[in-house]
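[1] sequence first, predicted coordinates after that:
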Amino acid sequence: MQPKNSNNQPVAQEALLTDATAFHELSHGEYESCLLKVRRGMPATEALNLSSMLMGSALEIMTHLIDDGMTTNQIYGVRFLIEASAALVDASVAPVEHGNRQGGAQ
């Protein structure tokens, strides 16, 4: 059976948007909070592209530091790049799995 011909334009796929995701946790006595977070409602494609760039930066730094060892500041910098990258991916997971209406940003 042949599908019906239609003059309707194809529907553009809705852009997936990030969920809010906290990272860089702070803890001081009884006070616990995050210093930074991925904002809700940002394009997930941008978040994933930025995550890829941050992970690439961390890998390049690690490659250069393997032979020379690492200072405390370098360790902290690589840790931050990985933490930020993970938050960007985490903020994009639900929208990619469920779309914006079923678990992604509203």
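    Arrived safely.
[2] what residues are up against the residue nearest to the spatial centre of the chain?
    By Cα atoms, centre = their mean, the chain has its centre lying nearest to residue 88, at 1.3 Å. Residues in contact with residue 88 (Cβ atoms under 8 Å, 6 or more residues apart in numbering) are 18, 21, 38, 47-48, 50-51, 54. Any C-beta I mention is one placed from the backbone N, CA and C, and that applies to glycine too.
[3] look up the closest residue to it, ignoring the ones flanking it.
    Counting by Cβ to Cβ, 6 or more residues apart in numbering, residue 51 is the residue found nearest to residue 88 once chain neighbours are left out, at 3.9 Å.
[4] mind checking what secondary structure the one you found has?
    Under DSSP: H, G, I helix; E, B strand; the rest coil, residue 51 falls in the helix class.
[5] surely residue 70 is within a strand?
    No - counting by three-state DSSP, residue 70 is not found in a strand; it is coil.
[6] how near is it to residue 57?
    Per Cβ to Cβ, to the nearest Å, residue 70 is found 15 Å from residue 57.
[7] before we move on, what about residue 89?
    To residue 57, residue 89 is 15 Å away according to Cβ to Cβ.
[8] which SSE is the residue nearest to the centre of the chain in?
    In the assignment (DSSP states H and E), residue 88 maps to helix 72-98.
[9] where strands are concerned, which of the contacts of residue 88 count?
    Members of the contacts of residue 88 lying in strands (criterion: DSSP state E): 21, 38.
[10] how about residue 81, nearest residue that isn't a chain neighbour?
    residue 58 (4.2 Å).
[11] residue contacts, that neighbour?
    Listed by Cβ under 8 Å, 6+ apart, the contact set of residue 58 reads 78, 81-82, 85.
[12] for these, which single residue is the most surrounded?
    residue 85 (22 neighbours; other Cβ atoms under 10 Å).
[13] buried residues, the host helix or strand of residue 67. List them.
    Using DSSP H and E, residue 67 sits in helix 44-68. Going by neighbour count (16 or more other Cβ atoms under 10 Å), the buried part of helix 44-68 is 44, 47-48, 50-51, 54-55, 58.
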